[in-house]
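# Structure here, sequence nowhere to be found:
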């Protein structure tokens, strides 16, 4: 799931300070699950902006609204009657949602209210960790189920490097060396000798990537 | 475009054919193949454009070592390029070992720069993955790591023996570098280190320069594994050494340099030495000479590599007192 962190209120103030009609738009997808950009957070941010505007003597109308998902056309379209009321939308969705809004509604300024950080997992409540970079060429079958592209600081295909120490990465002692994990797992599985082969350079696919699922497109045309 | 068939690519790299002897014209390669115990040292280029700094450091090493490694922005700090600095050494009559990391260049730039290095007369190449930019003076730099050191070795070996680029494009003149790699016997998992060394040798490494050795016992255990696998017969192993300047430096390295194993016995020896920084340095040199003497007893070791970081002037003294003079002549 996509993980994001809130931008500071200082940063958000700078984005909106010269506008009078502001909407804060939450997203019911990933950022809700992480308690970063859902309905509750949209309401809180809108309340904070109102308080600040009042204290500063600014005339500012602040609206809050949350879409089920900001990355789906149907949900974005549901705003078309209201978007004319706003100069600025502060989106609490990930970077995908922010851009979907900006593409659909070119006359309104869409600003991000969060910094999208990574695709990750919940390790424990409040602790999320990157697990995938969406490289488009998944090879974790060869590395014991652990991804060295997302989890090795040097994206090594043939690790571990000389900085693996006591199971930790030299770049951050809190980060496990993924090649240590790969080594241990593959030895446990009795397939450790697979690591003695040389894994070739990765094919870094052209970005941005695009995916077409023809059967879904045909169905859509028929309806 | 190539590399677009992931299944074919994943079928694995085939080991390149066995190397013909003495293809590079390297002095270092000739000495190693003759069975001489070689001495190399490291030279760090300046953090600026001053040619005279390279010349001064090179003069300190001239006549005391068989080849000089030129670092490639070590610890991710911007310095004069290793290829440019190596060219200065060639003009002075020294033999450089160009160090090249995968940190700053993708496969296009690596190939391009190394074709140029060969054309400029460089014969020895040390292929490294490189430190993460986080440790350097531009920590926000984008880390490249398109290839790793094993890919880099294999790419250069394929260029030399099949006269092809990584893409398969034929070369108009192939670089025939004597290929080296680094290995850290003190990193984890220890049981995998000699296996990873074997991968580097299969990929193309003909000489190995190790991380600095302070823990000779652990290094000897690693060398046992190297001999059991016969790796010392497939590549020349040079042990890294470096004199410590003080107990403080020893403690700093132990704590902060990843994969650096400094035994407490050495630290306490330096601590007990009274008499200020000069006494500390003299003791550091003594420790280093003793390490070199112990290393020379280890079967299968082909030489030493001195990494006197920003202390190049100590190399002559170390080499002389370790009984490694005179160095064989006849370069070029």
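All right, it came through fine. Computed from a predicted structure; not experimentally measured. Numbers count the residues shown, from 1 in each chain, chains lettered A, B, ... in the order given.
# Tell me the buried residues in whichever helix or strand residue A:10 is part of?
Applying DSSP states H and E as the criterion places residue A:10 in helix A:9-16. The neighbour-count check on helix A:9-16 (16 or more other Cβ atoms under 10 Å in any protein chain shown) flags A:12, A:15, A:16 as buried. C-betas here are computed from N, CA, C, even on glycine.
# can you redo these as CSV with pLDDT?
CSV is the format used below for the buried residues of helix A:9-16 (pLDDT from 0 to 100):
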residue, pLDDT
A:12, 97
A:15, 96
A:16, 97
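# returning to that earlier point: tell me the buried residues in the helix or strand following the helix holding residue A:10?
Downstream of helix A:9-16, the first helix or strand assigned by DSSP H and E is strand A:21-27. Neighbour-count burial for strand A:21-27, counted by 16+ other Cβ under 10 Å, picks out A:21, A:22, A:23, A:24, A:25, A:26, A:27.
# Just give me the neighbour total for residue B:185.
Residues contacting residue B:185 under the criterion other Cβ atoms under 10 Å in any protein chain shown number 26.
# and the longest strand anywhere in chain A, what other elements does it pack with?
Counting residues, the longest strand in chain A under DSSP state E turns out to be strand A:114-124. Secondary-structure packing of strand A:114-124 (3 or more Cβ pairs under 8 Å, 6 or more residues apart in numbering or on different chains; DSSP states H and E): strand A:2-6, strand A:127-132.
# any low-confidence regions in the chain?
All of this is about chain A. Low-confidence segments of chain A (pLDDT under 70): A:218-223.
# sorry, should have said chain B
Along chain B, the parts satisfying pLDDT under 70 run over B:1-22, B:331-332.
# so how many other residues sit close to whichever residue of it sits closest to chain A?
Closest contact between chain B and chain A, by Cβ to the nearest Cβ, is at residue B:184 (3.3 Å). Residues near residue B:184, counting by other Cβ under 10 Å, number 24.
# quick one on the thing from earlier: can you redo the buried residues of strand A:21-27 as TSV with distance to chain B?
Formatted as TSV, these follow (distance: Cβ to the nearest Cβ, whole Å):
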residue	distance to chain B
A:21	36
A:22	32
A:23	33
A:24	31
A:25	31
A:26	31
A:27	29
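# Helices of the chain, start to end?
Here I'm looking at chain A. Here chain A has its helices, by DSSP state H, at A:9-16, A:30-33, A:39-56, A:73-77, A:95-104, A:148-151, A:178-188, A:214-222.
# not what I meant, chain B
Going by DSSP H, chain B shows helices at B:6-10, B:27-33, B:51-61, B:82-92, B:107-119, B:149-162, B:190-203, B:216-228, B:247-256, B:264-272, B:276-296, B:314-321.
# circling back: ok, the closest residue to the residue of chain B closest to chain A other than its chain neighbours - contacts?
Sequence neighbours aside, residue A:162 is the residue nearest to residue B:184 in space, at 3.3 Å (criterion: Cβ to Cβ, 6 or more residues apart in numbering or on different chains). Shown in contact with residue A:162 (Cβ atoms under 8 Å, 6 or more residues apart in numbering or on different chains): B:182, B:183, B:184, B:187, B:211, B:258, B:259.
# Now do residue A:162 against residue A:169, distance only.
Going from residue A:162 to residue A:169 by Cβ to Cβ, to the nearest Å gives 12 Å.
# And residue B:328, by the same measure?
Note on residue B:328: its distance to residue A:169, by Cβ to Cβ, is 42 Å.
# burial count for residue 87?
Since no chain was named, I'll use chain A. Residue A:87 has 16 neighbours, counted by other Cβ under 10 Å.
# sorry, should have said chain B
Number of residues near residue B:87 (other Cβ under 10 Å) recorded here: 20.
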